[in-house]
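# predicted coordinates and the sequence they were generated for:
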Amino acid sequence: MTRSWPFPQDLIEALHRARHVAALTGAGISAESGIPTFRDAQTGLWAKYDPMELATPQALRRNPGLVWSWYEWRRSLVRQAQPNPGHRALVELEKRVPRFTLITQNVDGLHQAAGSHNVIELHGNILRTRCADCGRRVEQWEPPAEGEAPRCSHCGGVLRPDVVFFGEPLPQEAWQRAVEAAEDCDLMLVVGTSAVVEPAASLPRIVFHRGKVLVEVNPQETPLSSLARYRLAGPAGQVLPALVQALDAHRAQKGA
């Protein structure tokens, strides 16, 4: 049963009236599906490694087999995960507003698995693979020798997950679409993100400076909390389903 939440009535009215709603999601919503955050993932055999030193172009060039193995381990965690009520609530919200844009910093594909359609992946997708040299996306490859990374059948380059490493720019098209959504939306939900990773953290500030409605959904306070017009302190899997329920009740009351 969905827990009721004391949402401000003007927040529900703003959601009801919005012609374009955007959502920016981060690691917190995926953590509720059992996917550890980037730093929390360092357990077992990988506890001695700093993820900031594995997820870089330099690490891939220096030791491609190690980087590949680490990401294969992370992929195994992602493949075991399922969308949670927070993901599913965003799918329902998409059905209820004229336009909905979902911008995610997550690389697990859980929003698409839940049924979201207009998803912008700022940091790529860990379940996709591409060549580090020619850039082609690859679906199949020959199994590599132990301790090595597989190679591209087209150019012989090292294969890598199709994610953004530290020090790499975001995909230009995805970033441009995200900025356009932030500039155009009437309301943005910022869900489960620390709001410190740039440039994604600049998107809510665009909404704030435009005087539009900024809503933070997070159990912890973040650097964004002081800018948010509404701060909903709780996990996405509880807050978002209740928010959709409150919107439905509001519309039923208005006869919409």
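Received the coordinates, thanks. Numbers count the residues shown, from 1 in each chain.

# right, and the helix or strand after the helix or strand of the chain with the lowest mean pLDDT?
Within the chain, no helix or strand scores below helix 51-54, which has a mean of 75 by mean pLDDT, DSSP states H and E. Once helix 51-54 ends, the next helix or strand along the chain (criterion: DSSP states H and E) is helix 57-62.

# contacts for that following helix?
Glu53, Leu66, Val67, Ala132, Val158, Arg160, Phe165, Gly167, Glu168 (CB atoms under 8 Å, 6 or more residues apart in numbering). C-beta: built from backbone N, CA, C; applies to glycine.

# average pLDDT for that helix, rounded please.
If you average the pLDDT over helix 57-62, you get 94.

# could you export that helix as PDB, CA atoms only?
In PDB, the C-alpha atoms belonging to helix 57-62 read as follows (Å, rounded to 0.1, in the frame of the first residue of the first chain):
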ATOM      1  CA  PRO A  57      40.800   6.400 -20.100                       C
ATOM      2  CA  GLN A  58      44.300   6.100 -18.600                       C
ATOM      3  CA  ALA A  59      43.400   3.000 -16.700                       C
ATOM      4  CA  LEU A  60      42.000   1.400 -19.800                       C
ATOM      5  CA  ARG A  61      45.100   2.100 -21.800                       C
ATOM      6  CA  ARG A  62      47.400   1.000 -18.900                       C
END
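
# so who does the nearest residue to Val207 once chain neighbours are set aside touch?
Excluding the flanking residues, the one nearest Val207 by CB to CB, 6 or more residues apart in numbering is Met188, at 4.5 Å. Residues counted as contacts of Met188 (CB under 8 Å, 6+ apart) are Val21, Ala22, Ala23, Leu24, Ala182, Leu203, Pro204, Val207, Lys212, Val213, Leu214, Val215.

# one more time with 10 Å, if that's ok
18, 20-24, 101, 103, 181-182, 203-204, 206-208, 210, 212-216, 228 (CB atoms under 10 Å, 6 or more residues apart in numbering).

# distance of Ala228 from His87?
Distance from Ala228 to His87, counting by CB to CB, to the nearest Å: 21 Å.

# more neighbours: which of the two?
Set side by side, Ala228 and His87 give different neighbour counts by other CB atoms under 10 Å, the larger being at His87 (28 against 23).

# so where do the helices sit in the stretch 101-250 of the chain?
With DSSP state H, counting those that start in this stretch as the criterion, the stretch 101-250 of the chain has helices at 110-114, 172-184, 202-209, 236-254.

# pull the residues that contact the first one.
So that's helix 110-114. With CB under 10 Å, 6+ apart, helix 110-114 has contacts from 23, 25, 29-30, 32-33, 35, 78, 81-92, 94, 102-104, 116-121, 125, 127.

# in strands, which of the residues you listed appear?
Ala23, Thr25, Leu102, Ile103, Thr104, Val119, Ile120, Glu121, Asn125, Leu127 (DSSP state E).

# state the distance from the second one to Ala81.
Spelled out, that is Thr25. Thr25 is 14 Å from Ala81, by CB to CB.

# more crowded one of these two?
Between Thr25 and Ala81, counting by other CB under 10 Å, Thr25 is the more crowded of the two (28 against 17).

# per-residue confidence at the more buried one?
Predicted confidence (pLDDT) for Thr25: 98.

# before we move on, what about the one 5 residues further on?
At Ser30, the pLDDT value in this model is 94.

# isn't it right next to His123, touching?
No: counting by CB atoms under 10 Å, Ser30 sits too far from His123 to count as a contact (11.8 Å).

# which ones are touching the nearest residue to Leu227 once chain neighbours are set aside?
Leaving aside its chain neighbours, Leu227 sits nearest to Phe208 (4.7 Å; criterion: CB to CB, 6+ apart). With contacts defined as CB under 10 Å, 6+ apart, Phe208 is in contact with Ala182, Met188, Leu214, Leu224, Ser226, Leu227, Ala228, Arg229.
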